[in-house]
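Enquirer: I'll drop the sequence and a predicted model, then ask my questions.
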Amino acid sequence: MNKIKKRKIDITWSNLDSKYNIVHNVNLNGYFIISADMIKEFQEPRLAVKFDHSDDRPELFIDNNLTILPITRGDYYISKIIAYHTFETVSSKITYLSPPEYIKSLDIHSINSESKALNMAYISGIIEDFLVDEKLLPTVSGRMSSESFVFQGSLCNRDKSLSPVVKVENSQIEIDAAYEGINSLALIEAKRDLSDNFLIRQLYYPFRTWKRKMGEKAVRPIFLIYSNSIFHLFEYKFLELQHYNSLELVKYKKYSLEDTKIKEDEVKAIMKSLSFHVEPHIPFPQADSFERVINICELLYINDMEKNSITEEYSFDSRQSSYYLDAARYLRLVRRDLNEEGHPSYSLTKLGKSLFSMGYKERQLKLIELILSHEVFCLVYEYYLENHSIPSKKDIVSYMEQTAIKNPNTGQPYSDSTNKRRASTVVAWIRWIINTYSE
């Protein structure tokens, strides 16, 4: 069995723990303050503390329920404060808007950065519709100082009696965009990657900084995600000013600037002209979020990436990255090569590049075709059309056995337990197809 190579970030924090007894001190005192100078001995501090999602943290932190928050320009507070918030699972119909016809410098088919997504959301009226405020104008953005404030945070053991008081003084914060209207100032954190959770600090520190400055005027923390031609906007509020974990979802809406309406008959038409692909010499997919398969392809449409970069971009571990990259390769959207350093590098195939230069609806229909061109998925979707329900995992495993799905590494059928896990992916991808025309 190949030994899994440790990430640099894991080695860095293992060395720091050995030198400074970080875990022992947190268990003893409730926290440990580490400086950028202390970290610099082993890694560039900026890279060693950037954990935007909970699974980005090094093994030392995950294994010991540790998180890290900046408290000055060069000091960090390590504790067991719950630093991340899981995105709520909420439904929303898509609101359709359009940018002004005279705008030629921004193209709805090439929104490949957070800044472009924010600009497009503003000029097309998405920001105005979501905020429901008058005379909105862009104001503060970029890096700035947090000034001084204190807060409490919930611990992973939920023991309120041990809830620490943290003092922040002139820590650096960054605001992707801010829009001020008659009634409020909205502070926006924008992302192009889909993840299950986010770092609360990205909303809380700017909120605390500007709440003091704005007096009675409302300050509204907003999270914007742009993926697969859809803008997802989450508005939060902090129920207690001085409590880091007191955030609550106020509202969520989805927007698109192009036609996303797909009819069931259009999918049925794909079925009529479908031809099956021979199963590739790539593991059968084990990647339950098809939205993330799409999102990885979007990122590769911008730049080729090594697997480690994709692992860091997402709330993924190395194994999850492999699963999602293999899923994209299974659909012939991504290829794996070696870069100049001899490391595996991933890029879109010619087919993948053509898909991600298409408009939303054309791309979705092509993705549906690619999924259904694999016989197992087609059989499950046919069952759905006939019965208006998805077959059981046991039945899906039977389809996999019927179509002779094999492990490409051994040439033998997968084990029953492995087939059951992969059946979950079949269910998820078929549900994704159904949702494209049922929203």
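Expert: Structure received.
Enquirer: now Met144: closest residue in space, sequence neighbours ignored.
Expert: Counting by Cβ to Cβ, 6 or more residues apart in numbering, Met144 lies nearest to Ile173, which is 6.0 Å off, once chain neighbours are set aside. In short, each C-beta sits where N, CA and C put it, glycine included.
Enquirer: is it true that Gly359 touches Glu258?
Expert: Yes. Using Cβ atoms under 8 Å, Gly359 is in contact with Glu258, at 5.6 Å.
Enquirer: any residues in contact with both of the two?
Expert: Ser229 (Cβ atoms under 8 Å, 6 or more residues apart in numbering).
Enquirer: what about the residue nearest to Met144, neighbour count?
Expert: 23 (other Cβ atoms under 10 Å).
Enquirer: and it, helix, strand or coil?
Expert: Here Ile173 is strand, with the state taken from DSSP: H, G, I helix; E, B strand; the rest coil.
Enquirer: quick one: it from Glu88, how far?
Expert: 24 Å (Cβ to Cβ, to the nearest Å).
Enquirer: contacting residues for the residue nearest to Met144?
Expert: 143-146, 205-206, 209.
Enquirer: those in strands, which ones?
Expert: By the criterion of DSSP state E, membership of the contacts of Ile173 in strands covers 143-145.
Enquirer: related to what we said a few turns ago, and the residue nearest to Met144, how far from Leu249?
Expert: Look at Ile173 and Leu249: by Cβ to Cβ, they are 22 Å apart.
Enquirer: do the same with Lys393
Expert: Lys393 is 32 Å from Leu249, by Cβ to Cβ.
Enquirer: with Lys6 instead?
Expert: 37 Å.
Enquirer: so which residues of the stretch 201-350 of the chain form helices?
Expert: When secondary structure is read from DSSP state H, counting those that start in this stretch, the stretch 201-350 of the chain shows helices at 201-214, 264-272, 290-302, 307-313, 318-330, 350-355.
Enquirer: excluding chain neighbours, what is closest to Thr209?
Expert: Ser146 (4.9 Å).
Enquirer: hmm, Tyr205 and the one you found touching each other?
Expert: Yes. Look at Ser146 against Tyr205 with Cβ under 8 Å: they come within range, at 5.3 Å.
Enquirer: give me the common contacts of those two.
Expert: 168, 171, 173.
Enquirer: quick check, nearest of those residues to Arg336?
Expert: Using Cβ to Cβ, Ile173 is the member of the shared contacts of Ser146 and Tyr205 that lies nearest Arg336, at 38.2 Å.
Enquirer: quick one: that closest one from Tyr204, how far?
Expert: Taken as Cβ to Cβ, the span from Ile173 to Tyr204 is 10 Å.
Enquirer: same thing with Arg73?
Expert: For Arg73 relative to Tyr204 (Cβ to Cβ), the value is 18 Å.
Enquirer: go on, Tyr414?
Expert: Counting by Cβ to Cβ - Tyr414 and Tyr204 are separated by 45 Å.
Enquirer: and for Glu291?
Expert: 27 Å.
Enquirer: and those two? Which one has more around it.
Expert: More crowded of Glu291 and Tyr204, by other Cβ under 10 Å: Tyr204, with 26 against 14.
Enquirer: how about the nearest residue to the more buried one, chain neighbours excluded?
Expert: For Tyr204, the spatially nearest residue (Cβ to Cβ, 6+ apart) is Tyr244, at 5.6 Å.
Enquirer: same thing with Leu372?
Expert: Cys378 (4.7 Å).
Enquirer: next up, phi/psi of the one you found, please.
Expert: Backbone torsions of Cys378, given as degrees, to the nearest 10, read phi -60, psi -40.
Enquirer: and the pLDDT for it?
Expert: If you check Cys378, the pLDDT there is 96.
Enquirer: how about the helices of the stretch 51-200 of the chain, start to end?
Expert: Using DSSP H, counting those that start in this stretch, helices in the stretch 51-200 of the chain cover 59-63, 114-123, 126-131.
Enquirer: returning to that earlier point: more neighbours: which of Lys6 and Leu249?
Expert: Taking neighbours as other Cβ under 10 Å, Lys6 and Leu249 compare with Leu249 leading, 14 against 11.
Enquirer: roughly how far apart are that one and Phe234?
Expert: Taken as Cβ to Cβ, the span from Leu249 to Phe234 is 6 Å.
Enquirer: which residues are common contacts for those two?
Expert: Each of Glu88 lies in contact with both Leu249 and Phe234 under the rule Cβ under 8 Å, 6+ apart.
Enquirer: against Lys217, how distant is the closest residue to Glu134 other than its chain neighbours?
Expert: The shortest distance from Glu134 to any non-neighbouring residue, by Cβ to Cβ, 6+ apart, is to Ile182 (4.5 Å). Plainly put, Ile182 is 9 Å away from Lys217 if you go by Cβ to Cβ.
Enquirer: between the two, who's got more neighbours?
Expert: With neighbours defined as other Cβ under 10 Å, Ile182 and Lys217 compare such that Lys217 has more, 14 against 9.
Enquirer: ok, now which ones touch that one?
Expert: 183-185.
Enquirer: most surrounded residue in these?
Expert: Most surrounded of these: other Cβ under 10 Å gives Leu185, at 22 neighbours.
Enquirer: returning to what we had before: the residue nearest to Leu372 reaches Glu369, doesn't it?
Expert: No. Using Cβ under 8 Å, Cys378 makes no contact with Glu369, being 10.4 Å away.
Enquirer: quickly list what's touching both of the two.
Expert: Going by Cβ under 8 Å, 6+ apart, residues that sit against Cys378 and also against Glu369 are Leu274.
Enquirer: of these two, which one has the most company?
Expert: For Cys378 versus Glu369, neighbours defined as other Cβ under 10 Å are more numerous around Cys378 (19 against 15).
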